[in-house]
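**Student:** sequence and computational prediction follow.
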Amino acid sequence: MGRAYQRKGRLTPWRDSQRTLRKLLQRHGRPGSTPDPQYPFVALHRSDVWKLEGVQGEIPQARGSALQSWLDEQNPQGGLESHLYDLLADDETFRESAVYALLQQYFPHDEWQNILIDVGLQEEAFDGFGHPPYIPVGTTFHDRRELASANLHRPIQGGIWGKQKEEAKSIVVSGGYPDDEDLGDVIIYTGQGGQTEGRHTHNQDLTRGNASLVNSMASGRPVRVIRGAGKHSVHAPESGLRYDGLYRVEDYWSQPGISNFLIWRYRLRAIDSLKEATNPSLPPAAPTLTSPPPTGNSQPGRRSTQVQRTIRSTKIADWVKGIHQHTCQVCGLCIKTPTGSYAEAAHIRPLGRPHDGPDESDNVLCLCPNHHVAFDFGMLTIAPNLTVLDRTTGAQTTLRIHPEHKLSEEYLSYHRNHHAW
């Protein structure tokens, strides 16, 4: 299946594949089994999905040295049946369903990501944000261990998967808090903490997972929602846990809960289409003032988003905001929030058609929300000498710069010309 996904040749000779197969069996085979690749390589030909070609005479049925000798002598080519190979290569939906079915049936408690990467069905590690590979919306799981194996929700007990300094990856809606309201496309979710042995005994704090949901609202990054079985909601599954797709955090606030202790609440709304959800990668750590800008993308791909100006967290954006300490380069404002400073990354030459600007640091400014909007609408322009012209007032100021953050005059000129009036 990995060869089909990578569009490599359908067939591979035994001598070229035996070492790879042995390593895969050693890593992912059943505990206590012998990692001998020759038997599955040959025995699968009796099914409708696997073919052996280049064979002379009868194919041995037995295990052991006779089979090994036959393989060494014949060196047959093995691979998926041609129609199945083409389906897996060309039909993403079919491939996703087939991979998921095999993983759930044969590897329910193994680390799916390790298997997917080893067989070539996933190119890099999933960063935990957005829609996970090969997990269709509506997928059900028996328990939290299966959720963790699928990299859908790692905490075995906690309802929020997220750290204080980053966005939340996922939440579980299971009726653990009486203040939760599950309306289907809209969820009023209660933060974590404040409980002792299932009872509210103290106030919740805006830390850990609670803070991560605030960060999700600030960045616009979607959060996975998993619903657990129970009588708390008509939208809950009958049993186990179910992945119900991506939601955005629209609002958060604090109030006394049913128990009169302070709780944090969040309003999440379902994203209509998975194509609306961006899935950027976060840097492994916050950038330092002397760290070089990360490698960007000179030809970023196009993605549709729920809101045209959804703020995205990328390595480039985080580096630019970090180098300027989240301070607006136009006005010097640094907005403080309960979970840290906030600023926005503004592309000088916009991404996507017809502008096709690059997602690179010399095409990005660190701005406050007001000046981000003004810049996008052409109410602010920047001259070659980095003078900022406010077209509303006619005022001129000097752009705040950092020696490590170079800006491209080509992109500044494009912005001026694009908004010339």
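**Tutor:** Now that the structure is in, tell me what you want to look at.
**Student:** quick one, what contacts residue 42?
**Tutor:** With contact taken as C-beta atoms under 8 Å, 6 or more residues apart in numbering, residue 42 is in contact with 52, 59, 60, 67, 71. For the C-beta atoms, the positions are set from N, CA and C on the backbone; glycine is no exception.
**Student:** check which helix or strand the residue nearest the centre of the chain maps to.
**Tutor:** When C-alpha atoms, centre = their mean is applied to the chain, the residue found nearest the centroid is residue 129 (3.0 Å). Under DSSP states H and E, no helix or strand contains residue 129.
**Student:** gap between it and residue 121?
**Tutor:** Noted for residue 129: a distance of 19 Å to residue 121, by C-beta to C-beta, to the nearest Å.
**Student:** ok, now residue 3?
**Tutor:** Taken as C-beta to C-beta, the span from residue 3 to residue 121 is 10 Å.
**Student:** give me the below-cutoff pLDDT ranges for the stretch 251-400 of the chain.
**Tutor:** 272-291, 296-313, 353 (pLDDT under 70).
**Student:** and for the stretch 1-150 of the chain?
**Tutor:** Of all residues in the stretch 1-150 of the chain, those with pLDDT under 70 make up the ranges 62-64.
**Student:** which of the contacts of residue 42 lies closest to residue 173?
**Tutor:** Taking C-beta to C-beta as the measure, residue 173 lies nearest residue 52 of those, at 49.1 Å.
**Student:** my read: the closest one touches residue 80, true?
**Tutor:** No. Between residue 52 and residue 80 there is no contact under C-beta atoms under 8 Å: 11.5 Å.
**Student:** hang on, the earlier thing: from memory the residue nearest to the centre of the chain sits against residue 167, does it?
**Tutor:** Yes. Counting by C-beta under 8 Å, residue 129 does reach residue 167; the two are 6.9 Å apart.
**Student:** got the domain ranges for this structure?
**Tutor:** 2-118, 140-276, 315-418 (automatic domain parsing).
**Student:** can you redo the ones you listed as a markdown table with distance to residue 295?
**Tutor:** Listed next are the domains of the chain as a markdown table, based on distance: least, C-beta to C-beta, whole Å:
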| stretch | distance to residue 295 |
| --- | --- |
| domain 2-118 | 21 |
| domain 140-276 | 21 |
| domain 315-418 | 8 |
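**Student:** which one of these lies nearest to residue 134?
**Tutor:** Nearest to residue 134, of all the domains of the chain, is domain 2-118, at 4.5 Å by C-beta to C-beta.
**Student:** how far does the closest one sit from the chain's center?
**Tutor:** Domain 2-118 sits 29 Å away from the centroid of its parent chain (C-alpha atoms, centre = their mean, to the nearest Å).
**Student:** what about the helices in the stretch 301-421 of the chain?
**Tutor:** Taking DSSP state H, counting those that start in this stretch as the criterion, the stretch 301-421 of the chain carries its helices at 315-323, 369-376, 409-418.
**Student:** quick one: closest of those helices to residue 25.
**Tutor:** helix 315-323 (36.6 Å).
**Student:** hmm, back to that, out of the contacts of residue 42, what pair is the most spread apart?
**Tutor:** 52 and 67, at 12.3 Å, using C-beta to C-beta across those.
**Student:** just say helix, strand or coil for residue 211.
**Tutor:** helix (DSSP: H, G, I helix; E, B strand; the rest coil).
**Student:** can you get me a residue count around it?
**Tutor:** By the criterion of other C-beta atoms under 10 Å, residue 211 has 25 neighbours.
**Student:** check contacts around it.
**Tutor:** Counted by C-beta under 8 Å, 6+ apart, residue 211 has contacts 162, 164, 165, 338, 339.
**Student:** before we move on, what about residue 151?
**Tutor:** The neighbours of residue 151, taking C-beta under 8 Å, 6+ apart as the test, are 111, 112, 113, 126, 128, 132.
**Student:** buried among these? Need that as a selection in ChimeraX.
**Tutor:** Only the buried entries of the contacts of residue 151 go into this ChimeraX selection, using 16 or more other C-beta atoms under 10 Å:
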select :112,113,126,128,132
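**Student:** turn the contacts of residue 151 into CSV, including secondary structure.
**Tutor:** Converted to CSV, the contacts of residue 151 look like this (three-state DSSP):
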residue, secondary structure
111, coil
112, helix
113, helix
126, coil
128, coil
132, coil
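**Student:** possible to save the contacts of residue 151 as CSV with distance to residue 314?
**Tutor:** Converted to CSV, these look like this (distance: C-beta to C-beta, whole Å):
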residue, distance to residue 314
111, 27
112, 26
113, 22
126, 16
128, 15
132, 19
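**Student:** now do the strands in the stretch 151-300 of the chain.
**Tutor:** Along the stretch 151-300 of the chain, counting by DSSP state E, counting those that start in this stretch, strands occupy 160-162, 168-173, 181-182, 186-190, 195-196, 199-200, 223-228, 241-256, 262-270.
**Student:** mean pLDDT lowest for which of these?
**Tutor:** Mean pLDDT across those is lowest at strand 199-200; the value there is a mean of 79.
**Student:** residue 255: neighbour count?
**Tutor:** 9.
**Student:** and residue 40, that one's in a helix?
**Tutor:** Yes. Membership of residue 40 in a helix is supported by three-state DSSP.
**Student:** pick out the most distant pair among the contacts of residue 211.
**Tutor:** Going by C-beta to C-beta, the pair spanning the contacts of residue 211 furthest: 162 and 338, at 14.8 Å.
**Student:** please say which of these two ends up with more neighbours.
**Tutor:** Here residue 162 and residue 338 are compared on neighbour count by other C-beta under 10 Å; more neighbours surround residue 162, at 26 against 12.
**Student:** how much space between the more buried one and residue 247?
**Tutor:** According to C-beta to C-beta, residue 162 stands 13 Å off from residue 247.
**Student:** could you check how far the closest residue to residue 256 other than its chain neighbours is from residue 372?
**Tutor:** In space, not counting the residues next to it along the chain, residue 256 is nearest to residue 262; the distance is 6.2 Å by C-beta to C-beta, 6 or more residues apart in numbering. Separation of residue 262 from residue 372 (C-beta to C-beta) stands at 33 Å.
**Student:** more crowded one of the two?
**Tutor:** Between residue 262 and residue 372, counted using other C-beta under 10 Å, the more crowded position is residue 372 (21 against 17).
**Student:** tell me how far that one lies from residue 331.
**Tutor:** 11 Å.
**Student:** adding distance to residue 325 as columns, could you present the contacts of residue 211 in JSON lines?
**Tutor:** Below are those laid out as JSON lines (distance: C-beta to C-beta, whole Å):
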{"residue": "162", "distance to residue 325": "24"}
{"residue": "164", "distance to residue 325": "19"}
{"residue": "165", "distance to residue 325": "15"}
{"residue": "338", "distance to residue 325": "18"}
{"residue": "339", "distance to residue 325": "16"}
